[in-house]
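> Next comes the sequence, and after it the predicted model I'd like to discuss.
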Amino acid sequence: MQELINIFIKSIFIDNMVFAFFLGMCSYLAVSKTVKTSLGLGIAVVFVLIITTPVNYLLNEYILGPGSMVWISDSFKDVDLSFLSFIMFIAVIASIVQLVEMIVEKYAPALYSSLGIFLPLIAVNCAILGGSLFMQEREYESMGQVFAFSLGSGIGWLLAIVAVAAIRERIKYSQIPAPLKGLGITFIITGIMGIAFMSFMGIKL
C-alpha cells in the first residue's frame, strides 16, 4: 500500500507531466485562460489517463511484450510485437477520447463548446501517450501500480492547468509589458512553477 501511495504522490509532484516533462503543453497553454474550462479539460484528461494507461498495460503484458502471448500457447513464446506499441497505444487513446467527447457533448454542451477543438485533441496530447510509454518504460508489476501512476499523473496535469489558469485570471488586469502579454507571460509563469515543483524532488518517498 505504501508503494502505491509513493507512486501516486511522486506522479503528482515530482514527475509532474507539465512541470517535470513539459508534456501536453499545447492544450495546457491554449485552454488555461479560465479556471472553468481548465478544470473541465483537466478532469477529461484524468478520465482518459486512468482508462487508457491500464488498458495499454494489459495490452503490453498479454499481447505486445516479448513472449507475452505464452498464455495462449508455448509456440508463442518467441513472438515479440513490441514494435506495434505506438500504434496500439494511440488506437486505444483515440477510442477512449472519442467516447469522452461524446459524453461531454451530451451532458455538458457548454463545456464542449468552450473546449472546442482541444477536446478531441486529447487523442494527440503527448501527456496521455507519455503516461502509457512511461508505464512501459518503468515496468510496473501490477495493475494497482499502473492505476496509481495514471491517477497521479492525471491529477498532476489537472493541478498544473488549473493553477496556471487561476494565475492568468488574476493577472489579466495587471500591467504586463505588451510583448509579454498572453503566451509570453504564461511561459514565464510555467517556468517559475516548474522550478518551484523541483523543490519536491528533495522529498524522500
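Perfect, I can see it now.

> Now do the phi/psi pair for the residue lying farthest from the centre of the chain.
Most distant from the centre of the chain: Ser75, at 37.0 Å, with distances by CA atoms, centre = their mean. When read as degrees, to the nearest 10, the backbone of Ser75 gives phi -70, psi -10.

> contacting residues for it?
Ser75 makes no contacts at all, as judged by CB atoms under 8 Å, 6 or more residues apart in numbering. For glycine as for every other residue, the C-beta is placed from the backbone atoms N, C-alpha and C.

> Give me the pLDDT for it.
pLDDT recorded at Ser75 is 82.

> for Val162, what are its contacts?
So Val162 contacts Val35, Ser38, Leu39, Gly42 (CB under 8 Å, 6+ apart).

> a markdown table please, covering these and showing neighbour count and distance to Glu139.
As requested, the contacts of Val162 are exported to a markdown table (neighbours: other CB atoms under 10 Å; distance: CB to CB, whole Å):
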| residue | neighbour count | distance to Glu139 |
| --- | --- | --- |
| Val35 | 18 | 37 |
| Ser38 | 25 | 33 |
| Leu39 | 17 | 33 |
| Gly42 | 25 | 28 |
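
> Assign Asn16 to helix, strand or coil.
Classification of Asn16 using DSSP: H, G, I helix; E, B strand; the rest coil returns coil.

> Would you mind measuring from the closest residue to Met143 other than its chain neighbours to Ile128?
Counting by CB to CB, 6 or more residues apart in numbering, Pro54 is the residue found nearest to Met143 once chain neighbours are left out, at 6.0 Å. Plainly put, Pro54 is 13 Å away from Ile128 if you go by CB to CB, to the nearest Å.

> now swap in Ser73 and tell me
Taken as CB to CB, the span from Ser73 to Ile128 is 33 Å.

> out of these two, which sits in the more crowded spot?
A side-by-side neighbour count of Ser73 and Ile128, using other CB atoms under 10 Å, places Ile128 first with 30 against 9.

> pLDDT score assigned to that one?
Value listed for Ile128 in the pLDDT field: 92.

> correct me, but it touches Phe47?
No - look at Ile128 against Phe47 with CB atoms under 8 Å: they stay out of range, at 10.6 Å.

> Can you name the element that comes right after the helix or strand of the chain with the lowest mean pLDDT?
Lowest on mean pLDDT, DSSP states H and E among the helices and strands of the chain sits helix 109-115, with a mean of 80. Going down the chain from helix 109-115, the next helix or strand is helix 126-138, by DSSP states H and E.
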